[in-house]
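S.K.: here is my input; please provide its structure:
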Amino acid sequence: MAETRYFEKTGGGVVRCWQITLDGIRCRMGWGVAGGVVRGSSMTLDDAAHALRHFSKKIREKEREGYVEVAREAEASRADGAEAGTEADVPLLDVVRPGDDYVPVDGHAGVVVGFHDFTAGPGPFYGYYIVGEGARRGLSLVVKKPGHDEAMVSAFLDFVRPRVGLAFDGRSHRKVPLPAPIGPFDHVLFCGPSLTAVNYGGRLGMVFPIRDCEIGDEDTESFVEARIVGRDSMPSTTWDREPFPVIDLKFDLRRADGFEELGGRTSVREKTFKVYPRAMVERGLRLVAEADAGSVLEIRNYRRDVLAVTPGGPRTLDEADRFLLGPP
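M.R.: Below is the predicted model of the structure:
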């Protein structure tokens, strides 16, 4: 259950507001002038304990700045992402209201689809809602038109529809192997409401096919979110994509006379494994080849195997790619 705290501070004839919401491992903050436009930001922490510490720390900081907690009307304080009309006894599609352009999918009870012919931005795509038994919860699925194949989608729906409940078993995500590949994919990622930007009060998750190498076998929620949301994330709606393997990096690189590529910096470190794009592997291999003895670049793949690269034995990008992709 999300918790929201709201604060105000008066000064110079202006009432400034600040609020923070703790929702699982996420903290969302909003700030601005009371009654005006409120800007916001969101942060995903490593685990629930880390998120609670961050939540408490930010509140203490604002209290030191003179902000005072203020009680608000329940409707006005709905900052936890819940939408109106999400009562448990209302069918999900009545809440989502997908519109007249969504039609039932032949041969797949409980599934509707709509085609969105955008010529700019995300481009044209098919949007599916897969409703579970009882019609109260379901999953969203988006497939961009260039990679949309009716036979592949039909096989995917056959597997997913009886398993909608996997997204609502209390875990943030489930990586499930397919009994047989569907196109280039051999697994399915079921994402619970916590990983779904608009989840209608916890009633809508999302699902998409993946290759085994694209999600770590022991990934935490924060790692999965980093892989599927935001900049350099997996293009999960593109079904004709190249493999997008897990790339986690940790490094401690030093060069006494400085790295020219880094503007003369003499060291660069990442103490814990973080999600990085492939371009950083190539860059890291260049840097470690120039680094002083004792430097190391560690690359972790989806199996949590670690490839340690040192200045005495630099690896090629092809070797790193084979390690990241795993067995053919």
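
S.K.: quick one, helices of the stretch 51-200 of the chain?
M.R.: 92-96, 150-160 (DSSP state H, counting those that start in this stretch).

S.K.: just the CA coordinates for stretch 135-148, please, in CSV.
M.R.: What follows is stretch 135-148, C-alpha atoms only, in CSV (Å, rounded to 0.1, in the frame of the first residue of the first chain):
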residue,chain,number,x,y,z
ALA,A,135,-12.5,-10.2,-15.8
ARG,A,136,-11.2,-8.2,-12.8
ARG,A,137,-7.4,-8.2,-13.7
GLY,A,138,-5.4,-8.4,-16.8
LEU,A,139,-2.3,-7.6,-18.8
SER,A,140,-1.4,-5.1,-21.5
LEU,A,141,0.6,-6.2,-24.5
VAL,A,142,2.0,-3.8,-27.2
VAL,A,143,3.4,-5.0,-30.6
LYS,A,144,4.7,-2.5,-33.1
LYS,A,145,3.4,-3.0,-36.6
PRO,A,146,6.7,-3.8,-38.5
GLY,A,147,7.3,-6.9,-36.3
HIS,A,148,3.6,-7.9,-35.9
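
S.K.: on that earlier part again, and of the helices of the stretch 51-200 of the chain, who's closest to Y126?
M.R.: helix 150-160 (7.7 Å; C-beta to C-beta). All C-beta atoms are positioned from the backbone trio N, CA, C, and that covers glycine.

S.K.: who's the closest spatial neighbour of I130, skipping the chain neighbours?
M.R.: L139 (4.5 Å; C-beta to C-beta, 6 or more residues apart in numbering).

S.K.: how deep is the one you found tucked in, by neighbour count?
M.R.: As a burial measure, L139 scores 27 neighbours (other C-beta atoms under 10 Å).

S.K.: what of F259?
M.R.: 18.

S.K.: against E225, how distant is it?
M.R.: Separation of F259 from E225 (C-beta to C-beta, to the nearest Å) stands at 31 Å.

S.K.: how about low-confidence regions in this structure?
M.R.: For the chain, applying pLDDT under 70 flags the ranges 1, 72-88, 328.

S.K.: could you chop it up by domain?
M.R.: Listed domain ranges for the chain are 3-69, 92-228, 248-325 (source: automatic domain parsing).

S.K.: distance to T238 added to those domains, as CSV?
M.R.: Formatted as CSV, those follow (distance: least, C-beta to C-beta, whole Å):
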stretch, distance to T238
domain 3-69, 23
domain 92-228, 5
domain 248-325, 16
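
S.K.: wait, which of the ones you listed is closest to R241?
M.R.: R241 lies closest, by C-beta to C-beta, to one member of the domains of the chain: domain 92-228, at 7.2 Å.

S.K.: and the end-to-end length of the closest one?
M.R.: The first and final residues of domain 92-228 sit 24 Å from each other (C-alpha to C-alpha, to the nearest Å).

S.K.: picking that back up, save the helices of the stretch 51-200 of the chain as a markdown table, and put in mean neighbour count too.
M.R.: Converted to a markdown table, the helices of the stretch 51-200 of the chain look like this (neighbours: other C-beta atoms under 10 Å):
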| stretch | mean neighbour count |
| --- | --- |
| helix 92-96 | 17 |
| helix 150-160 | 17 |
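
S.K.: any chance of those in JSON lines, plus distance to E8?
M.R.: Output for the helices of the stretch 51-200 of the chain, formatted as JSON lines (distance: least, C-beta to C-beta, whole Å):
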{"stretch": "helix 92-96", "distance to E8": "33"}
{"stretch": "helix 150-160", "distance to E8": "46"}
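
S.K.: for C27, which of those helices is the nearest?
M.R.: Per C-beta to C-beta, nearest to C27 of the helices of the stretch 51-200 of the chain: helix 92-96, 26.3 Å.

S.K.: name the helices or strands packed onto the closest one?
M.R.: strand 125-131 (3 or more C-beta pairs under 8 Å, 6 or more residues apart in numbering; DSSP states H and E).

S.K.: and the contacts of the strand it packs on?
M.R.: For strand 125-131, contacts defined as C-beta atoms under 8 Å, 6 or more residues apart in numbering pick out 91-93, 96, 98, 102, 105, 110-116, 118, 137-145, 148, 153, 157, 160-161, 164, 207, 237.

S.K.: show the buried residues in the residues you listed.
M.R.: 92, 96, 98, 102, 105, 110-113, 137-144, 148, 153, 157, 160-161, 164, 207, 237 (16 or more other C-beta atoms under 10 Å).

S.K.: residue contacts, the closest residue to G99 other than its chain neighbours?
M.R.: Excluding its sequence neighbours, the residue lying closest to G99 (C-beta to C-beta, 6+ apart) is G114, at 6.7 Å. Neighbouring residues of G114 by C-beta under 8 Å, 6+ apart: P98, G99, D101, Y102, V103, Y126, G127.

S.K.: alright, that wraps it up for me.
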